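1. What shape does this take:
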Amino acid sequence: MPPKKAAAQEKKVLLGRPSNNLKIGIVGLPNVGKSSFFNVLSKTDLGIARNYPYATIDPEEARIPVPDERFDWLCDLYKPASRVPAHLTCIDIAGLTAGASTGVGLGNAFLSHVRAVDGIFQVVRAFDDAEVTHVEGDVDPLRDMEIIQTELRLKDIEWVEKHLEGLKKTGRSLGSTSLADKAKKEEIATVEKILKTLTVDQKDVRKGEWTNKEIDVVNSLQLLTAKPVVYLVNLSEKDYIRKKNKWLPKIKAWVDEHNPGDPIIPFSVALEERLVNMSDEEREEEQKKIGAQSALTKITQAGYAALDLIRYFTCGPDEVRAWTIRRGTKAPQAAGVIHSDFENKFVCGEIMSYEDLREYGSESAVKAAGKLRQQGKPYEMVDGDIAYWKAGA
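-> Numbering: from 1, shown residues only. You can find the predicted model right below:
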């Protein structure tokens, strides 16, 4: 008898909204440098940087181009009339304070703004400056991170308890025979597990172990602690250049203990504000002189990766364009990002990898080497694919 085929491993469902149009919010206590960071990131003055709490009340939104050497290389090769890079949608959210979960400060509005984004840039202040007041009186990034984690968790606990109460009310009459009743019971068990993760285990939801069925329930609740977090540590220019700060090892230890695996990126808003107003040549010169680079490229790419976003390219003399999709997206849905007809009338995609085009130097050489592939509906897109879609009439 032939050996049994190994069962195909179930594909892990991603936490978060199944969308390609995802947003990342800049979160932190008041006066830690959020709005100033938003301004340099978006090169605008939308986020009102002010030296008092709640200078930002309505969140401001900007689309930030995501730097990508592959995109630059493709533009050099095709010399297109139009160039459209991938973008990260970034939102500047008002400062959070202790007690936000109970409505202190702008608490409820703040938390609804966080709920509306898909990921978090958490700005942590690790610089002393008598000119810039701190809402808690002194600079202590560990306390600040603790405040934000506690407030987001408390709001999630309140939300989950309310949801569980509603489920249990309707669940009293459930039998054990119908599939619908069984599914309802499973949902109640999952919501109880979420509550245990937040309260007994004292973990953020994104750090729990979840099956695909459970992730569907988690995603339906839009929980604050299920969102990916990138910690951005705002240093003085001096500390950033010398790569030393007394808080950095303590911040790293705190993240390792509470949210292991979350990225930490040190940067300096003060330096970024100086660099952003320079020409490209001046900026290069200044970075060489001080021996430090702007961290904005690294931050933008980390935000894009945290949301599980990848990109594919369409290329030609008219346009080179990067299209943003979520990791795990199949070919028809990837084509649908361009136009819904491409998804609804999908025939196939002609796909080559960026690496192959780079190696062979032209589309005809890639084709001659047998590296241009026709892919059907089951094909899962890979970051850096170059695609030509064929759709029916």
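2. now the helices: where do they sit in the stretch 151-300 of the chain?
-> 179-199, 212-221, 237-242, 248-258, 269-276, 280-290, 296-306 (DSSP state H, counting those that start in this stretch).
3. Which stretch among these approaches Asp118 most closely?
-> Evaluated with C-beta to C-beta, these place helix 296-306 nearest to Asp118, the distance being 9.1 Å. (Each C-beta comes from the backbone N, C-alpha and C, glycine too.)
4. next helix or strand past the closest one?
-> strand 309-314 (DSSP states H and E).
5. give me phi/psi at Ile120?
-> Main-chain torsions, Ile120, degrees, to the nearest 10: phi -130, psi 130.
6. mind putting the helices of the stretch 151-300 of the chain in a markdown table, distance to Arg17 included?
-> Listed next are the helices of the stretch 151-300 of the chain as a markdown table, based on distance: least, C-beta to C-beta, whole Å:
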| stretch | distance to Arg17 |
| --- | --- |
| helix 179-199 | 17 |
| helix 212-221 | 7 |
| helix 237-242 | 34 |
| helix 248-258 | 25 |
| helix 269-276 | 29 |
| helix 280-290 | 36 |
| helix 296-306 | 14 |
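7. Relative to Lys367, which of the ones you listed is closest?
-> So among the helices of the stretch 151-300 of the chain, helix 296-306 is nearest, using C-beta to C-beta, at 30.6 Å.
8. Would you check how far apart the nearest residue to Met381 once chain neighbours are set aside and Glu355 are?
-> Spatial nearest neighbour of Met381, excluding adjacent residues (C-beta to C-beta, 6 or more residues apart in numbering): Ala334 at 4.8 Å. From Ala334 over to Glu355 the distance is 18 Å, taken as C-beta to C-beta, to the nearest Å.
9. Those two - which one has more neighbours?
-> Ala334 (28 against 12; other C-beta atoms under 10 Å).
10. my read: the more buried one touches Trp323, true?
-> Yes: contact criterion C-beta atoms under 8 Å: Ala334 and Trp323 qualify, at 7.1 Å.
11. residues contacting Ala115?
-> Residue 115: Arg, not Ala. Counting by C-beta atoms under 8 Å, 6 or more residues apart in numbering, Arg115 touches Gln222, Leu224.
12. Find the residue at the geometric middle of this protein.
-> Centroid-nearest residue in the chain: Leu307, 3.2 Å away (criterion: C-alpha atoms, centre = their mean).
13. So that residue sits against Leu14, correct?
-> No: checked against C-beta under 8 Å, the pair Leu307 and Leu14 is beyond contact range at 9.4 Å.
14. Name the residues contacting each of these two.
-> Going by C-beta under 8 Å, 6+ apart, residues that sit against Leu307 and also against Leu14 are Arg326.
15. Could you check how many residues crowd around the nearest residue to Leu164 once chain neighbours are set aside?
-> Closest residue to Leu164 apart from its sequence neighbours, by C-beta to C-beta, 6+ apart: Val191 at 4.9 Å. Around Val191 there are 23 other residues, counting by other C-beta under 10 Å.
16. ok, now Cys315?
-> Using other C-beta under 10 Å, Cys315 has 21 other residues around it.
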